[in-house]
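Asker: Any chance you can model this:
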Amino acid sequence: MKITVAGGGPGGLYFALLTKKLRPDWRIEVYEQNAADDTFGFGVVFSDETLDEFLSRDPESYERIRDRFAYWDDVAIHYRGTEIRCAGNGFCGTSRVELLTILQERCRELGVRLSHSERVDPATLSTRFPDT
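Answerer: Residues are numbered from 1 along each chain as shown. Here you go, the predicted model:
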């Protein structure tokens, strides 16, 4: 089986990573139109519950997230000059490019082929990737 993923953002990379873990014999390729270290958007924040999902699906990427993300457990609400804090809510966050780096590393380790700076034209999918 061959799978071609158009889009090397966090969703495309994590899909490729998890699929390759389940089916190491499958050929999985990810095409991203931007360079590996290009990113759009700001940061990425995960709750403790989301981290638990990372741990259950891929402990290796979970450990890298734990090592490289910032952590906090309170939320501050500012309203009309008043601040209210609510503690006990675990979160972690980092830049989007850091998350992309972690997922790209894991994909490469598992044998996912990553192609950057290569746009996939939807009009040519069937001719460019006939066996996908």
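Asker: Longest strand in the protein, please.
Answerer: Longest strand in the chain by number of residues, with DSSP state E as the criterion: strand 82-95.
Asker: neighbouring strands for it, and are they parallel or not?
Answerer: Strand 82-95 has the following strand partners under DSSP bridges: strand 43-47 (antiparallel), strand 70-79 (antiparallel).
Asker: Model confidence score at residue 41, please.
Answerer: Residue 41 is assigned 76 on the pLDDT scale.
Asker: Helix or strand: which one has it?
Answerer: For residue 41, there is no helix or strand it lies in under DSSP states H and E.
Asker: Single out the most deeply packed of the strands paired with strand 82-95.
Answerer: Most buried of those, by mean neighbour count (mean count of other CB atoms under 10 Å): strand 43-47, with a mean of 15. C-betas here are computed from N, CA, C, even on glycine.
Asker: what does it contact?
Answerer: With CB atoms under 8 Å, 6 or more residues apart in numbering as the test, strand 43-47 has contacts from 10, 54, 65, 69, 89-96, 99.
Asker: coming back round to it: just the buried positions in the longest strand of the chain, please.
Answerer: 90-92, 94 (16 or more other CB atoms under 10 Å).
Asker: okay, those in TSV with distance to residue 16 next?
Answerer: Shown next, in TSV, are those (distance: CB to CB, whole Å):
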residue	distance to residue 16
90	28
91	26
92	23
94	20
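Asker: Out of those residues, which is nearest to residue 4?
Answerer: Proximity of the buried residues of strand 82-95 to residue 4 (CB to CB) peaks at residue 94, which lies at 28.2 Å.
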